[in-house]
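>>> I need the structure of the sequence given here:
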Amino acid sequence: MVLCSCFGPSKAQLEADRLESQDARAKAAEAARKRQEQFDKSAVGRAARSQIASAKQSNSSSKGEPVLKWQMG
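Numbers count the residues shown, from 1 in each chain. Next comes the predicted model:
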């Protein structure tokens, strides 16, 4: 028995929509991975990575010491 489309999408249409969404998500994830790889290979990406590494190192070496020191004068 076939229902009129005015009662909502059919099971076949729902399955087709689900597969299309899944394909779109996979393509978006692949594009994001490629952009990340290109960024990592660029000079800006290398600079950002080294800056993050140095920030992590400086944060771990100054534990317990306040970042801002107040002076009374």
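
>>> From here on, just use CA atoms for contacts and neighbour counts.
Noted.

>>> need the next SSE after the host helix or strand of E15, C-terminal direction.
Using DSSP states H and E, E15 sits within helix 11-41. Sequence-wise, the next helix or strand downstream of helix 11-41 (DSSP H and E) is helix 43-61.

>>> what's the distance between the residue positioned nearest the centre of the chain and A26?
Centroid-nearest residue in the chain, with C-alpha atoms, centre = their mean: A32, separated by 7.8 Å. Using C-alpha to C-alpha, to the nearest Å, A32 is found at 10 Å from A26.

>>> so the helix or strand bottoming out on mean pLDDT in the chain versus helix 11-41, what angle?
Lowest by mean pLDDT, DSSP states H and E among the helices and strands of the chain is helix 43-61, with a mean of 83. Angle, helix 43-61 to helix 11-41, by axes from the mean of the first three to the mean of the last three C-alpha atoms, to 10 degrees: 80 degrees.

>>> Run through who's touching helix 43-61.
Outside helix 43-61, the residues that touch it by C-alpha atoms under 8 Å, 6 or more residues apart in numbering are F39, D40.

>>> so how far is that helix from its chain's centroid?
Distance, stretch centre to chain centre, for helix 43-61: 19 Å (C-alpha atoms, centre = their mean, to the nearest Å).
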